[in-house]
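*Asks:* sequence unavailable; structure follows:
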């Protein structure tokens, strides 16, 4: 909740924007890490769209923004980890230790194929209005 309520609203989301800019500035066209560059770029785009939605919805209905806080934190975490895996894959590609290189690249490929795609579903959950679910009486739960 703190991430959504305070950090995204602080200086109009400057912290998140800095992260997005840092990810975009990382060279990702390198052939050895191309497998993670595309899903990471897509995750960043989805996350950025979600940040904008959260900032706007918080102004009009804070319940909507708060309702997706956990999924947003997971989506942001996965994207950040994807960025770290991109950097690790780049470093491993330059290693002369073939076993190390193979292991790191295989793990980065797993992350790119299995973990980063989750960001899209999580962000879709975040952008779902709280609406009817927040109307429930506490006794009904």
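*Replies:* Right, received. Where do you want to start? Quantities reported herein were computed from a predicted structural model and do not represent experimental measurements.

*Asks:* what are the ranges of the helices in this protein?
*Replies:* 2, 14-25, 34-60, 62-67, 69-93, 98-110, 118-126, 131-135 (DSSP state H).

*Asks:* could you check the angle the longest one makes with helix 98-110?
*Replies:* Counting by axes from the mean of the first three to the mean of the last three CA atoms, to 10 degrees, helix 34-60 lies at 40 degrees to helix 98-110.

*Asks:* show me which residues of helix 34-60 are buried.
*Replies:* 35-37, 39-44, 46-48, 50-51, 53-55, 57-58 (16 or more other CB atoms under 10 Å). For the C-beta atoms, the positions are set from N, CA and C on the backbone; glycine is no exception.

*Asks:* and what of the fifth one?
*Replies:* Of the residues in helix 69-93, those scored as buried under the neighbour-count criterion (16+ other CB under 10 Å) are 69, 71-76, 78-79, 82-83, 85-86, 88-90, 92.

*Asks:* residues contacting the residue nearest to residue 86 when sequence neighbours are not counted?
*Replies:* Closest residue to residue 86 in three dimensions, ignoring its sequence neighbours and counting by CB to CB, 6 or more residues apart in numbering: residue 36, at 5.1 Å. Contacts for residue 36 were tallied using CB atoms under 8 Å, 6 or more residues apart in numbering; they are 28, 82, 85-86, 89, 108-109, 111-112, 116.

*Asks:* so which of those residues sits lowest on pLDDT?
*Replies:* For the contacts of residue 36, the model is least confident at residue 28; its pLDDT is 62.

*Asks:* flag whichever of the helices of the chain has the least confidence on average.
*Replies:* Among the helices of the chain, helix 2 scores lowest, with a mean of 59.

*Asks:* re the thing from before, and the contacts of residue 36, which is closest to residue 101?
*Replies:* Nearest to residue 101, judged by CB to CB, of the contacts of residue 36 is residue 89 at 9.3 Å.

*Asks:* quick check: the closest one touching residue 106?
*Replies:* No - with contacts counted by CB atoms under 8 Å, residue 89 stays clear of residue 106, the gap being 9.9 Å.

*Asks:* was I right to think residue 68 contacts residue 126?
*Replies:* Yes - in this structure, residue 68 is within contact of residue 126 by CB under 8 Å, at 3.3 Å.
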